[in-house]
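A.B. asks: build me a model from this:
(one chain, ligands or ions: 1)
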Amino acid sequence: MTDEIARPRPRPDAVSEGFWNAVGQGVLAIQRCTQCGNYQHPPRPVCCGCGGGELSYERVSGDATLVSWTTTHHNVVPAMAGALPFTCLVVELAEQRGLYMMSDLIGRTSLAGALRLGMPMRVVFPEPEADNPRLPQFAPAPEAVR
Ligand SMILES: [Zn+2]
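C.D. replies: The predicted structure follows:
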């Protein structure tokens, strides 16, 4: 259990609102180019693969691989002081090489000891504490922690 924290709130715009609308429904949807099929995250106004401007949001599996993580003991965001120490991690989504997302284990610190490089991870949408926004996070896949 963490002391009360106040996460920065997402500010969806015309480019990112598809991602945040899906998150609000507990769905992970990633921006994808309708011309070349490239996924990209975070959302951008044009495709990083071909420069095309026809982008949509596509539901993805939520399966990923753990690429890296770090535990923060020195806080630089005052509203997060109650969460110290907290672990942030980077995963590569299963849909495409180099398609990375960041996550944290705030409120789920007991999972930090189970992390292993390259382990299977899966998206989760924990119920937010207090008035915090709902965010997609990643946790070790059940088959990875047997
Ligand atoms: Zn493209």
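
A.B. asks: contacting residues for the closest residue to A112 other than its chain neighbours?
C.D. replies: Take A112 and drop its neighbours on the chain: the residue closest to it by Cβ to Cβ, 6 or more residues apart in numbering is T87, 4.5 Å away. Quick note: C-beta positions are derived from backbone N, CA and C, even for glycine. T87 makes contact with W69, T70, T71, T72, D104, L105, T109, A112, L115 under the criterion Cβ atoms under 8 Å, 6 or more residues apart in numbering.

A.B. asks: who's the residue nearest to A141 when sequence neighbours are not counted bridged to?
C.D. replies: Of all residues not flanking A141 in the chain, P120 sits nearest, at 3.9 Å (Cβ to Cβ, 6+ apart). Listed beta-bridge partners, P120: T65 (assigned using DSSP bridges).

A.B. asks: mind checking pLDDT for P120?
C.D. replies: Taken from the predicted model, the pLDDT recorded for P120 is 97.

A.B. asks: what do you get for P136?
C.D. replies: On pLDDT, P136 comes in at 95.
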